[in-house]
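Novice: Sequence and predicted structure below; questions after.
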Amino acid sequence: YLASGSRIVAERVIEVAIRSEAKRFTAQKLVGEVVHLLWDGSLHWKGFRCVCLVAPEPSARAVQSGIGYAFAHREHSSSDMSDDCAEGDGAAPASDILPTTEHATYERRAADEWLPGQTEVEAWLAAALRPLRIPMFENALTMLHAFFFLALYTAVSLERLEYVATQEVILHVCALAYIADEIRQCKETGLAVYAKSVWNVLDVAIYAVFVAFFCLRVRCLYTGSAKDLDKAYDVLALNASMLWPRLFAVLDQFEFCGTIIIQVRRIISGTSLFFALLIVMTAGFFQTFYSLSQRHNQLGAKSIWGLMARIFFGSALLGWDQADLFGPHVGYLVMSMYIGVSMLILYNILIGVINQCMVEITQNAAQEFRFAYTMRVAEYVSANQTYPCVPPLNLLQIFMFWPLRKATTLSRRSFALLRSLLLLLAYAPHLAIYVV
């Protein structure tokens, strides 16, 4: 990636393609093979950053060298991987992934775990924890924990126990871990970027319900009121309608689920103008009906909204039966206008917009999915964390690793050794299943 004339920054082509939304490029077979190698851990992304200073004008050979840097890789065997980890947190040697340039400086990533000259214990820990750095394994952990969290939520919401059971305590702990992970994501990406994702907005709603449930549950334990208990579990029941669709975000590496997510996202963005028109038209007719009701029937706002909603969703005959409530003459005229606008104009606009979105998505479904898949893999492999802590195990990072780092005088190497031992104990069941 060449930029600014005198300063040339060597960057992976996949990163450039994601930033520029080059969907045709990411749909190429060669790029798909490289992304798959990154996904299953056969190709290392972690490595060095090359900055070429005082470089001459880019020639055809330089451009070819940059392209070769982006795609150069080596099939790592188990012995090769061990050697790489020994050099520095699984980083591939510079000669394998970097272009050769006279004026080049190389900087090791801040996430490197071990210093040069590993001991046998450090090398063994690096080899044992290596699956945690494979995107496919990390995604499998995310899926497993998501299904566990959903099963735990289902058990707690259906039992409705008056006392605090063990599964409810675990549910609160898991919810706290997911809330902490959302805060971390928002802090790393920024609020503006974070709010652009539909799934992040859905996560905020889900965890807001869990916070409300926790507060109501504490109040119920304090007052002992059966009404407060019912309110708490009624609020918790709201999450079922959001947690199940949230599974699609976890399963988006599969083409079927990923394509559905792309379709839903495209339809939501395409129908935004329709819903704006719907709100304006509905507000106008509501004011008309409310003004007429003050003279003829004294219907409340709630009753009028209910009547309008039922008419909009298909009960046109109900509108004709209730038209005389708004006046013997004007009522039928206004009701006819409302039924015509809602049943004929707005419905047809909505059907046309959705049909157009589906045609566009069907034509570019493969490109859209490959781009989303490439972007997801790049997010996994470019993370700054040496070993990711998947919720709820991210609480170890908050309540154990961070206090140990701040409150003790351990050296960087000693702290890394202790942290790796604790992570090995925490992930022991997952790693054992992976090995088997």
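Specialist: Ah, there it is.

Novice: Downstream of the helix or strand where A177 lies, the next helix or strand is which one?
Specialist: Assigned by DSSP states H and E, A177 falls within helix 166-189. Remark: after helix 166-189, the chain's next helix or strand is helix 191-196, criterion DSSP H and E.

Novice: So which residues make contact with that next one?
Specialist: Contact with helix 191-196 is made by Q185, C186, N200, V201, as judged by Cβ atoms under 8 Å, 6 or more residues apart in numbering. C-beta coordinates here come from the backbone N, C-alpha and C atoms, glycine included.

Novice: State the mean pLDDT of that helix.
Specialist: The average pLDDT for helix 191-196 rounds to 79.

Novice: elements contacting the very next helix or strand once past that helix?
Specialist: Following helix 191-196 in sequence order, the next helix or strand is helix 198-223 (DSSP H and E). Contact partners of helix 198-223 among helices and strands, from 3 or more Cβ pairs under 8 Å, 6 or more residues apart in numbering; DSSP states H and E: helix 166-189, helix 226-237, helix 240-250, helix 255-270.

Novice: who's in contact with S272?
Specialist: For S272, counting by Cβ under 8 Å, 6+ apart, there are no contacting residues.

Novice: Setting the sequence-adjacent residues aside, check what's closest to Y178.
Specialist: P391 (5.0 Å; Cβ to Cβ, 6 or more residues apart in numbering).

Novice: now the one you found, what's its secondary structure?
Specialist: Secondary structure, DSSP: H, G, I helix; E, B strand; the rest coil: P391 is coil.

Novice: quick one, helices of the stretch 301-436 of the chain?
Specialist: Ranges of helices within the stretch 301-436 of the chain are 301-312, 316-322, 330-340, 347-363, 365-381, 394-396, 402-407, 412-426, 428-435, based on DSSP state H, counting those that start in this stretch.

Novice: least reliable of those helices going by mean pLDDT?
Specialist: Note on the helices of the stretch 301-436 of the chain: lowest mean pLDDT is at helix 316-322, with a mean of 77.

Novice: how far does it sit from the chain's center?
Specialist: Distance of helix 316-322 from the chain centroid (Cα atoms, centre = their mean, to the nearest Å) equals 45 Å.

Novice: Show residues contacting that helix.
Specialist: L307, R310, I311, M335, Y338, I339, M343.

Novice: Mark which of those residues are buried, thanks.
Specialist: Those of the contacts of helix 316-322 that meet the buried threshold are L307, I311, M335, Y338, I339, M343, by 16 or more other Cβ atoms under 10 Å.

Novice: Any chance of JSON lines for those, columns distance to M358?
Specialist: Below are those laid out as JSON lines (distance: Cβ to Cβ, whole Å):
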{"residue": "L307", "distance to M358": "32"}
{"residue": "I311", "distance to M358": "27"}
{"residue": "M335", "distance to M358": "33"}
{"residue": "Y338", "distance to M358": "29"}
{"residue": "I339", "distance to M358": "27"}
{"residue": "M343", "distance to M358": "22"}
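
Novice: which one of the residues you listed is nearest I349?
Specialist: Using Cβ to Cβ, M343 is the member of the buried ones among the contacts of helix 316-322 that sits closest to I349, with 11.8 Å.

Novice: And the residue nearest to the closest one when sequence neighbours are not counted, how close does it get to Y380?
Specialist: Nearest residue to M343, sequence neighbours excluded (Cβ to Cβ, 6+ apart): A316, at 5.9 Å. Relative to Y380, A316 is positioned 51 Å away (Cβ to Cβ, to the nearest Å).

Novice: From the structure, what's the count of residues near G306?
Specialist: Residues lying near G306 (other Cβ atoms under 10 Å) number 12.

Novice: what residues are up against it?
Specialist: Applying Cβ under 8 Å, 6+ apart to G306 gives no contacts.

Novice: separation between it and L317?
Specialist: Counting by Cβ to Cβ, the gap from G306 to L317 is 16 Å.

Novice: before we move on, what about R370?
Specialist: Distance from R370 to L317, counting by Cβ to Cβ: 49 Å.

Novice: The two: which is more packed in?
Specialist: For R370 and L317, the more surrounded residue by other Cβ under 10 Å is R370, and the numbers stand at 21 against 10.

Novice: leaving aside the residues next to it on the chain, what's closest to that one?
Specialist: A27 (4.5 Å).

Novice: wait, what's in contact with that neighbour?
Specialist: By Cβ under 8 Å, 6+ apart, A27 lies in contact with A366, Q367, R370, F371.

Novice: repeat for F371
Specialist: F371 is in contact with I18, E21, K23, T26, A27, counting by Cβ under 8 Å, 6+ apart.

Novice: With L422 instead?
Specialist: Contacts for L422 (Cβ under 8 Å, 6+ apart) come out as L396, M400, F401.

Novice: Let me know the distance separating F312 from G331.
Specialist: Distance of F312 to G331, given as Cβ to Cβ: 18 Å.

Novice: Nothing else from me, thank you.
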